[in-house]
Structures are given as structure tokens and as C-alpha cells.
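> Return a 3D structure for these sequence lines:
(2 chains)
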Amino acid sequence: MKAKALEKQMKKALGESVLESRIQVRRAQGGSHESIWARIRVDALLPAAEFAMSFENSHFSVISGTDLGEGIELLYHFCIGHGGEEVACTFCIPVEKGGSVPTITGIVPGAVLSEREKMEFFGIGFDGLRDKRRAFLTGDLSKCRPWIRGDPETERVFQGGGKR
Amino acid sequence: MSRTINVPIGPVHPALKEPTKLTVELEGERVVAADYSVGFVHRGVEWAGMRQNPVKTVYLAERTCGICAFCHPFCFVQAIEEIGGIEVPERADYIRVITAELERIHSHVLWAGVAAHEIGFDTLLHYTWKVREKVLDTIEMISGNRITYGMLQFGGVRRDLSQKQLDAVLESTKYYRGLVEKLNEMFLGDPTVRMRAEGIGILSRKRAMELMAVGPTARASGVNKDVRQDWAYSAYPLLGVRALMPKSPRGDVADRIAVRIGEVAQSCDILEQCVSQMKKGPITSRQSVTKLLFEMAGFEGEAFGRVEAPRGEVVHYVRMARQEAPLSWKIRAPTYNNLASWPEMLVGEELADVPMIAASIDPCMSCTDRIAIVRNGKSGVSTGEELQRLSVEKTRRFRNDS
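Residues are numbered from 1 along each chain as shown, chains lettered A, B, ... in the order given. Got it, this is the predicted structure:
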């Protein structure tokens, strides 16, 4: 499947919820790969996940995120297709600090750990997520939000500014 | 009315060598529910990587995992190269693939030993770990180290391979090719091993897809996924790699063993192809690290690196924003996905099979940082300096002997 055709289908499925999209190409020896990067509205997250998983052999890799200062951007990385024609498709959504987004675990059961991790590291919520236990940080770091830039608790613990 | 008991296994337990916790709920000997906990060795690798320049982070990425010590930096480097449009010479890409495939052989043979141990077949553990030494020697000969190779740099690799080193790679493939049949016979021909592996810890293709299983764990369930095939990176498009799956996948422990042993042979094929296809040429497009650092401080953009590590797909998301350190760096190791398969594989099985099933996904949690040496009945713990001296001496010996 070619990225251009997939991008067209994605725009048709999600309509005006797609705020911006681009195709990025990576070169390899004797070939190249295409990836779609789509910034979408939060209310389009579940339809976007459903769209990505509607293809045979679709694969969800992980949720990553970036603290942009004014808010957080969550990135949902999917890979669509197989057999040398896979297209990586990333949906990016804005989230307020301390805000929440719907869980995608109803569509992608394997996303549980990814959402639990973002809950811990960014302090955001996932509406409808059943398992909300901490995953990676120990109890004494429960107030830390390590991937929030300048998070005071994280700075205090890790920069020698405080004793654990 | 049936009564159940909960049995905690780990985080430190003889059946699981790395710190993770499995809790199994038993009805008699039968597992009726299972849960897992992680995070016992979280070291904040990404946090540290977002506070330093990417050149230093290659070193850090290499230490994410002691076994996948090449795949993690390989993935990170590719993401940065995509953001900055850094080209990689063909010879460097072949050297990257050679190192990655040697690492796969090392990882799969190591795992075979762990699997044998979990079954209680320690003779096989010692045999597989003895034969693993050959690939570690080859890796040491080309890189100077057994597990952290220091081969990668943005735009290429740090070391070229001489003809003598390429010959050693070929000798290694010859050695392992001869062993594959023997390993197959010992693991899948032995009635004891078969009893402990066939029909045990089943993960169906459907559930493997839903739970986003990756690597040999997914392929053993019939999922036709391999990043080297689907997203052929580096020199892989020139090598025509195909995902290796059982002919009639059952998705049990035996299939996971068969896929990994098959992949040792597949890695031998790839290594031989690389050696025969690679031509002389430059090994990097960036000679000066200082210039590279200036260049990278101007990078803006994001990329999603993917590599097929021995345990499955590794992912690194990197975002650069015209500053020295990445704005964002997220690592996702294969075990992160494969852990979700544990409850699926364990429910309905017997307690005695839990260690083998848990080990069958080849979980990776952390690495040990010290070594105890027992010689002539006396034991002692070596210091880091002592180990480094011994390591340097051994590498010199290899190079002088060959």
C-alpha cells in the first residue's frame, strides 16, 4: 500500500478532524519507506484508531508523547500493511496538561501498558481505561512526571535538590 | 465451591532471571488467572537522553539492553538520520546489518540455553552457552567488545571490517549452520523437551495480533510480521529477508523454539549474503563529530525508527527542535508488547509450566552489572577496571592470533 493512497483514505474517513498531514520518506539502500504523520482533533482519536486497525495485518506499535510547553502532544504509532509495503501511520493529538483522552484499549487491547505509562510519565488520564495502576515508577516517585519538562518533583528528586 | 490461591513469582525468583513479577492464581495446579508487574529496574534512560546531545545518547541507547545492545542505538541513529537527512554509505549499512545479525545469533542461542534451564535440562543449557561463545568471539574480534559494540555513529559506522574479520564472520556462519540441525534435534527431537513445549503456552494468531505481540513470539503464532521484511531498513532491501513462521503454527512454546532456531540459520544466510555483496567504500558520511554536533543542533523534525531486534520490533520516536538535546525520545522494546501475551499463554496451564512459558517470549528486563569469578575453588568479585583490563587483553589476543 502506498502512503499517498492511504492518506487519501484516512482523510476521507476522518474528514475535517485531520488538521494537518504530511508524508515523510526515509531512504534505505535500494529502497525507501513512507510514513504518514497526521495531526488530528482529540474527538477523532477513536475513529482514527478504528481506521488504522481496519486493515488486515495492522499493527499498533506504541504511544509516545512530547511536552510542548503549553500542552502535551500524544502520538499513536500504527503500521499498516506488510510484505515490504508497510506504511507507518502516526496520529498526533493535543492534550492539556493534567487533561484526559479516551482509551483506545477497546480497539487495541495491547495498548494498556502504553496508556498506563503515559499516565505515569505525563500525568494525563485515559477515560475508560480499566487498569490504572502505576507501571514503571516506584511508589516513592508517584508524584514525579518525568516527561514533563521542568516538573518540580522530578527535578527535586533527580537533580540532587532533595533527598528521597 | 472451588478455592484458589495466589502464587507470586518474582520480582526476584530462581525461575525468572530478571526482575519482573508474575502473579498466578491457581485452582489446584491449574492457572486460572495471571497478572504481571514491571518497573523494577526502570532507570530513566529516556529522561537522561532528553538532557544530552544525540552523540552521547548513542552510548546510552546501547546500554538500554545488554543483549540488544546494537538494535537500540541502530533504531535511534536511524531516526536522527531521517530527521537530518543524513545519508549512510552502502558499506556502512552492510556492516550495520552484519553486526545486527551476529547479535541475533548471540541472543537466540542465549535464549535457547535459558529455555533449556527452565525445562530443567541443564546439560543443554551448558552446551548452548558453550556454543554461544563462538559468536561472542566474532563480535569481540570485529568490535572489541562482547556485548556493547560501539560500532554505530550517525552517517555510518565507527569501524570498517577487514578481510580477516569478514573471514571470521564466515567461519562463524559455517559453525552455526552445522549446529542448527543439532539444536533442532536436541530441542524438538527430544521427547522430554517436546513434552514440556508442545501444546503448552498457546497464543493464537488472533490474540497475538490483538495484543500487538512482536518478533518470534508473534511469528510462532503465524503473524507474518518482520520489520526486515515489512519496513526493510538499512541494507535489508538488498537482502530479501522474509518472515520465518512454522508451516502449521500452533503458537505454542515448541513453535517459539523452532522459529528462533530457524532464525539462527536465516541470520547465517544474511551474513553470507552481506559478505559476498558488500563492496569497498567509505564507512561514514560524517568524519567529524564536532561538525556533526553543530549540524544536529539545527535539526528540526520528528521520526520513528524501527528495527527488528532478536526479540521483535524495537521502536524509537525522536523529535528534534533546533536544540542540542532531543525534545522527545521514546523507546519501546519488544518485551513491552510481548508481556501482554503472558496471561493469555498461562491461563489453563499447570504451575510447573509457568517458568518455561514466561521464558518463551524471551523477556528482557535488565542486565547484571557485576561478575563473580570462581577459579580453583576460590571466588571473588572483579572490579570494573580489572574486567576492562582482561577484556582489552583478550581482544588483543584475538587480533594477534587470527
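> Which residues are in contact with residue 128?
Using chain A here. The contact partners of A:Gly128, by C-beta atoms under 8 Å, 6 or more residues apart in numbering or on different chains, come to A:102-103, A:105-106. C-beta: built from backbone N, CA, C; applies to glycine.
> right idea, wrong chain: chain B
B:109-110, B:112-113, B:116, B:183 are the contacts of B:Thr128 under C-beta under 8 Å, 6+ apart.
> Looking at these, point me to the pair that's furthest apart.
By the measure C-beta to C-beta, B:Leu110 and B:Leu183 form the most distant pair in those, at 12.6 Å.
> Between the two, tell me which one has more neighbours.
Per other C-beta atoms under 10 Å in any protein chain shown, whichever of B:Leu110 and B:Leu183 has more neighbours is B:Leu183, with 23 against 18.
> Mind pulling up the pLDDT for the nearest residue to that one once chain neighbours are set aside?
Distances taken as C-beta to C-beta, 6 or more residues apart in numbering or on different chains place B:Ile261 nearest to B:Leu183, at 5.2 Å, with adjacent residues excluded. Per-residue pLDDT puts B:Ile261 at 96.
> now the helices: where do they sit in chain A?
Secondary structure of chain A, counting by DSSP state H: helices at A:3-14, A:45-53, A:112-122, A:152-158.
> Which of the ones you listed has the highest mean neighbour count?
The highest mean neighbour count among the helices of chain A, using mean count of other C-beta atoms under 10 Å in any protein chain shown, belongs to helix A:112-122: a mean of 23.
> Low-confidence regions, the chain specifically.
Since you didn't name a chain, this refers to chain A. Scanning chain A for pLDDT under 70 picks out the ranges A:1, A:83-84, A:159-164.
> um, chain B though
Using pLDDT under 70, the flagged stretches of chain B are B:1-2, B:14-16, B:365-385, B:401-402.
> what's the longest helix in it?
helix B:90-119.
> any idea which helix or strand comes after that helix?
The helix or strand immediately downstream of helix B:90-119 is helix B:122-143, counting by DSSP states H and E.
> Contacts for stretch A:76-87 next, please.
So stretch A:76-87 is contacted by A:1-3, A:6, A:33-36, A:45, A:48-49, A:52-53, A:55, A:57-64, A:88-93, A:104, B:224-225, B:229-232, B:304, B:306, B:315, B:317 (C-beta under 8 Å, 6+ apart).
> mind listing what the nearest residue to B:Val180 once chain neighbours are set aside touches?
Spatial nearest neighbour of B:Val180, chain neighbours left out: B:Ala265 (4.6 Å); criterion: C-beta to C-beta, 6+ apart. The contact partners of B:Ala265, by C-beta under 8 Å, 6+ apart, come to B:176-177, B:180.
> Which one (most neighbours) among those?
Ranked by the number of neighbours (other C-beta under 10 Å), these place B:Tyr176 first, at 22 neighbours.
> the strands in chain A, which residues?
For chain A, the strands defined by DSSP state E cover A:18-28, A:31-40, A:59-67, A:72-80, A:87-95, A:100-102, A:125-127.
> Can you give me the buried ones in the last one?
With burial defined by 16 or more other C-beta atoms under 10 Å in any protein chain shown, the residues of strand A:125-127 counted as buried are A:125-126.
> Also the longest one?
The neighbour-count criterion (16+ other C-beta under 10 Å) identifies A:18, A:21, A:24, A:26, A:28 as the buried residues of strand A:18-28.
> give me the residue from the stretch 1-150 of chain B nearest chain A.
B:Gly39 (3.9 Å; C-beta to the nearest C-beta).
> Ramachandran angles for the residue nearest to that residue when sequence neighbours are not counted?
Spatial nearest neighbour of B:Gly39, excluding adjacent residues (C-beta to C-beta, 6+ apart): A:Phe136 at 3.9 Å. The phi/psi pair for A:Phe136 (degrees, to the nearest 10) reads phi -110, psi -30.
> ok, A:Phe136 to A:Pro146 distance?
For A:Phe136, the distance to A:Pro146 equals 9 Å [C-beta to C-beta, to the nearest Å].
> biggest separation within the contacts of A:Gly128, which pair?
For the contacts of A:Gly128, and using C-beta to C-beta, no pair is farther apart than A:Pro102 and A:Thr105, which are 9.6 Å apart.
> intersection of neighbour lists for these two?
With C-beta under 8 Å, 6+ apart, A:Pro102 and A:Thr105 have common neighbours A:126, A:128.
> B:Thr64 is in contact with B:Ile331, isn't it?
Yes: using C-beta atoms under 8 Å, B:Thr64 is in contact with B:Ile331, at 6.1 Å.
> Find the residues that touch each one of those two.
Common contact partners of B:Thr64 and B:Ile331 (C-beta under 8 Å, 6+ apart): B:45, B:72.
> now the helices: where do they sit in the stretch 151-300 of chain B?
Taking DSSP state H, counting those that start in this stretch to define them, one finds helices in the stretch 151-300 of chain B at B:163-184, B:191-197, B:205-210, B:215-219, B:227-230, B:253-277, B:289-296.
> for these, which one ends up most surrounded?
Highest mean neighbour count among those (mean count of other C-beta under 10 Å): helix B:215-219, a mean of 29.
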